[in-house]
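> this is the structure alone, sequence omitted:
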């Protein structure tokens, strides 16, 4: 089915409404799971559908359908359901952002690879379980998705682009005596061939994991900490990224007062960005689901609050500019304000210098989960003491926590080791639309005080 031709033949300007747009998505995904060496799940899933959105008489109307060859009928039906009571249309029409056809990832489309070949990938790595000591339970998982997205609006904006990603995870629970430790090697790729020859990486990863079976619990208290790029990313996403989504501020004068643009809310070395144009990442979103092109949005610049994330609707209400952050989970949902790739910009401080300045503190490498708001928590997996300016013995930590305002001002330095972390497993959750693919990251950062328990 040629989806572009379907939209080319659809004249949206002829329909009697203030604004109208159509988004069509075609998706192919697959997965497998081995548990303790046995294949416990595998499958493929093709999906094709369209989302129609129109604005008339001060109200939004939505419809989702899998009948993508009958969109005119669906639009006519939706228009018939609109209010017949005339009201002023307060929604300012978005600009015509032009025509952008960016489908260029089909060469590496994961859906072109047979499912049995993907399962053989998992089988190939099963023998490693016999080389890793102390394994109590194991899970080897794979997931991929190839998505094509097409869009057209009544103001003339058109786009298409494709999204291609896969993830591999090799997880183990280790046991020695009564001590347990769970961790997992993971890899994100845009090419299937990049999942080959990972044996040495996996074995080295779990050789280091063995040390945590004998690690002691950290004493609760406040510590200087160095966060790896992965932890920096989840901190940025959970503690600040969600606070920057403008739909949380609509109708809440206290929120807009608390997050007043131009306020100094962080250390002068701190700049936070959201940008959807990082290719081959899980935050890849070159054009949002309203046709707004991705742009580099500084949320904090040199410690000053400089922006927030918008859809065209929230930008209308707050009298600011749309930022390219209106995103929907899939064709069944309307676009809402969401992050893309959110990160702290890299600095100039070498990693070894960060460790020297955090003497007596802790270094955090990866995490289980995080949650945020005005107060945030992050549950790390691996942590190390810092002694003599170097990483020392591993320790066990339950959670690190803090308040956003305090922690942003306690960031003393940003490293020169910037990394953007992607994941094909899970994603961001907001309202009922989860999991949405996003990326986050930054450099290693030094925070002069954080509560650890």
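Noted; the coordinates are in hand. Nothing here was measured: the structure is a model prediction, and the numbers come from that model.
> so where do the strands sit in the stretch 151-300 of the chain?
Here the stretch 151-300 of the chain has its strands, by DSSP state E, counting those that start in this stretch, at 158-176, 179-189, 216-217, 221-227, 272-274, 297-301.
> single out the most deeply packed of those.
When the strands of the stretch 151-300 of the chain are scored by mean count of other CB atoms under 10 Å, the highest mean neighbour count falls to strand 272-274 (a mean of 24). The C-beta positions use only the backbone N, C-alpha and C, and glycine is treated the same way.
> wait, residue 10 touches residue 73, no?
No: if you go by CB atoms under 8 Å, residue 10 and residue 73 don't touch, sitting 11.5 Å apart.
> neighbour-wise, which of these two wins?
residue 10 (15 against 11; other CB atoms under 10 Å).
> OK, contacts around residue 222?
Contacts for residue 222 (CB atoms under 8 Å, 6 or more residues apart in numbering) come out as 449, 450, 451, 452.
> what residues are up against the last one?
Right, residue 452. Neighbour list for residue 452: 218, 220, 221, 222, 223, 225, 362, 397, 399, 400 [criterion: CB under 8 Å, 6+ apart].
> so what's the residue nearest to residue 171 when sequence neighbours are not counted scoring on pLDDT?
Distances taken as CB to CB, 6 or more residues apart in numbering place residue 184 nearest to residue 171, at 3.4 Å, with adjacent residues excluded. pLDDT for residue 184: 97.
> measure residue 184 to residue 155 for me?
Distance from residue 184 to residue 155, counting by CB to CB, to the nearest Å: 46 Å.
> can you check residue 83 too?
For residue 83 relative to residue 155 (CB to CB), the value is 22 Å.
> now do the helices in this protein.
Here the chain has its helices, by DSSP state H, at 3-8, 71-80, 115-125, 199-209, 229-235, 253-258, 312-318, 351-357, 404-409.
> how far out from the middle of the chain is stretch 48-60?
26 Å (CA atoms, centre = their mean, to the nearest Å).
> shaky segments in the chain?
Within the chain, the segments meeting pLDDT under 70 span 372-373.
> if you set the cut-off to 90 instead, what comes out?
For the chain, applying pLDDT under 90 flags the ranges 1, 83-86, 89-91, 238-240, 243, 248-260, 317, 367-377, 402-405, 426.
> got the domain ranges for it?
3-214, 217-452 (automatic domain parsing).
> so of those domains, which one's packed in deepest?
domain 217-452 (a mean of 20).
> how far does that domain stretch from one end to the other?
11 Å (CA to CA, to the nearest Å).
> do stretch 31-44 as well
7 Å.
> any idea how far it is from the chain center?
25 Å.
> nearest to residue 41, out of the helices of the chain?
Proximity to residue 41, assessed across these by CB to CB, is greatest for helix 115-125 (10.5 Å).
> the closest one versus helix 199-209: what angle between them?
Angle of helix 115-125 versus helix 199-209, following axes from the mean of the first three to the mean of the last three CA atoms, to 10 degrees, is 50 degrees.
> contacts for helix 115-125?
By CB under 8 Å, 6+ apart, the residues outside helix 115-125 that reach it are 30, 32, 34, 39, 42-44, 140, 142, 144, 168, 170, 192, 195, 198-199, 202.
> hmm, residue 415 is touching residue 345, no?
No: proximity of residue 415 to residue 345 does not meet the contact threshold set by CB under 8 Å, at 11.0 Å.
> list phi and psi for residue 382.
Main-chain torsions, residue 382, degrees, to the nearest 10: phi -110, psi 130.
> got the contact list for the closest residue in space to it that isn't next to it in sequence?
Sequence neighbours aside, residue 365 is the residue nearest to residue 382 in space, at 4.1 Å (criterion: CB to CB, 6+ apart). Under the criterion of CB under 8 Å, 6+ apart, the neighbours of residue 365 are 228, 230, 231, 380, 381, 382, 383, 384.
> one more: residue 42?
If a contact means CB under 8 Å, 6+ apart, then residue 42 has 30, 31, 32, 33, 115, 119 as its contacts.
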